[in-house]
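In: any chance you can model this:
(one chain, ligands or ions: 3)
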Amino acid sequence: MGDNAPRTTYMTTGAVMTATTIPRPPALWLRDNCPCTDCRDPRNGQKLFQITDLPADLAVGSAQKARTPLGEPAHEIVWAPDGHRSLYPLAWLDAHAPGPATERPGDGRTEADKELWAAADLRGRLPEADWAAYAGDDAVRAEALERVQRLGFVLLRGVPCRDRQVLDVARTFGHVRETNYGELFEVRVEPDPNNLAFTAESITPHTDNPYRDPVPTLQLLHCLANSASGGDSGLVDGFHAAALLRAEDPAAFAVLTSTPVEFAFADAHTALRAQRPLIETDALGRVREIRFNNRSIATLHHPAEVLDAFYRAYRSFAALLLRPELRLDFRLAPGDCVVFDNTRLLHARTAFAESGARHLQGAYADLDGLASTLAVLRRGGGAR
Ligand code: OGA
Ligand code: ZN
Ligand code: ZN
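Out: Numbers count the residues shown, from 1 in each chain. Ligands and ions are numbered 1, 2, ... in the order given. As a prediction, the model looks like this:
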């Protein structure tokens, strides 16, 4: 972009003025973003001052066109009353200057940044990737990770059927989250199961480990054997379900976003509890996290009228989550590894015959690490 394109202009009256369509950048915001080496450590870009170090009566003293040492067009501001000089590249101002009030970017985790789906939307176009291509080609890996962000999951095919391989899958995009189940957990029929997942029973749509805070935000399930009759998998987009609830039963949505719900897990060595709403929204009211697990919801302690409203809303949301048209059914074959957003998707399986062999290895990881790996891949660096 050239030097003379219309953009933010600065007056010397103390206020920062802008072109008519763009709200003016507040002086404190602009000064807080000064890139000079007194304000930021040039080795790492970290800020060297506290917001309270800036003058309370900060104002633009003078402003003029300038160039950065690299010759890029810039604005220079001399601040009053302390005389500090700041040089802002125009490209930076164009990219970061405050936008209109309608544009409130999210953090990538809310419904605003997702493609919501019902089962029919993905039939015949499952987000899949071949393991060899994924492991060997950064572009394939980036696309797969982007699908986890956008759709909530990816299905990796042809992952070697090796013990603990699921940990290597997690390490292609992040760090394994170890829990009381260990670095990984074995999903197979156990003689004395501490969790219904380790039986042959059907498991209705749920998110894992809502009794943990922070909850593991990503889950992996790697199939090593699945010759049992039954044991099919299901996924439900919890953000889509929450949006439907908001449209169909706004009172229930309001109750579920505002009622803390306790979840608990206990066995001989563990006693975990956490309390969060079933539907959590960001500060602007957008759906950001779903917690739903009929097995581990605890006895709630609220006034009777709160319990009454909660149970009506809970039932309404549960009925919605069980609608067949929302549930994407598929079957994991040996070598398949599904990676999914445990703050958004609910997962399920049908019952299976104990006589057959069914064995998955599961692990947890986190979305922030995945987002970091994807961002590094996109800037063309060697990620992980
Ligand atoms: C789990 C689980 C599903 C399955 O282990 O968390 O839900 O397919 N398992 O066995
Ligand atoms: Zn500075
Ligand atoms: Zn589960």
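
In: helices along the chain, start to end?
Out: 27-32, 90-96, 119-122, 131-136, 138-151, 165-170, 238-248, 250-258, 304-321, 367-378 (DSSP state H).

In: what is the mean pLDDT for the second one?
Out: Read it as helix 90-96. Mean per-residue pLDDT for helix 90-96: 95.

In: check the offset of it from the chain's centre.
Out: A distance of 27 Å separates the centroid of the chain from that of helix 90-96, by Cα atoms, centre = their mean, to the nearest Å.

In: do the last one as well
Out: Relative to its parent chain, helix 367-378 has a centroid offset of 11 Å by Cα atoms, centre = their mean.

In: buried stuff in that helix?
Out: 367, 369-371, 373-374, 377 (16 or more other Cβ atoms under 10 Å). Using the backbone N, CA and C atoms, a C-beta is placed for each residue, glycine as well.

In: tell me what angle that helix forms with helix 138-151.
Out: 140 degrees (axes from the mean of the first three to the mean of the last three Cα atoms, to 10 degrees).

In: for helix 367-378, what is the average pLDDT?
Out: pLDDT averaged over helix 367-378 gives 98.

In: can I get the buried residues of helix 367-378 in TSV including distance to residue 143?
Out: As requested, these are arranged in TSV below (distance: Cβ to Cβ, whole Å):
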residue	distance to residue 143
367	17
369	18
370	13
371	15
373	13
374	10
377	10
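
In: among these, which one lies nearest to residue 107?
Out: If you rank the buried residues of helix 367-378 by distance to residue 107 using Cβ to Cβ, residue 371 comes first, at 9.3 Å.

In: in the stretch 51-200 of the chain, what residue lies closest to ligand 2?
Out: Per Cβ to the ion, residue 86 is where the stretch 51-200 of the chain lies closest to ligand 2, at 5.3 Å.

In: does that residue really touch residue 27, like I thought?
Out: No: using Cβ atoms under 8 Å, residue 86 is not in contact with residue 27, being 10.6 Å away.

In: quick check: neighbours shared by the two?
Out: residue 79 (Cβ atoms under 8 Å, 6 or more residues apart in numbering).

In: which parts of the protein sit against ligand 1?
Out: 187, 197, 203, 208, 233, 347, 349, 360, 362 (Cβ under 6 Å from any ligand atom).

In: kindly recompute the last result at 8 Å.
Out: 185, 187, 195, 197-198, 203, 206, 208, 219, 221, 231, 233, 332, 347-349, 358, 360, 362 (Cβ under 8 Å from any ligand atom).
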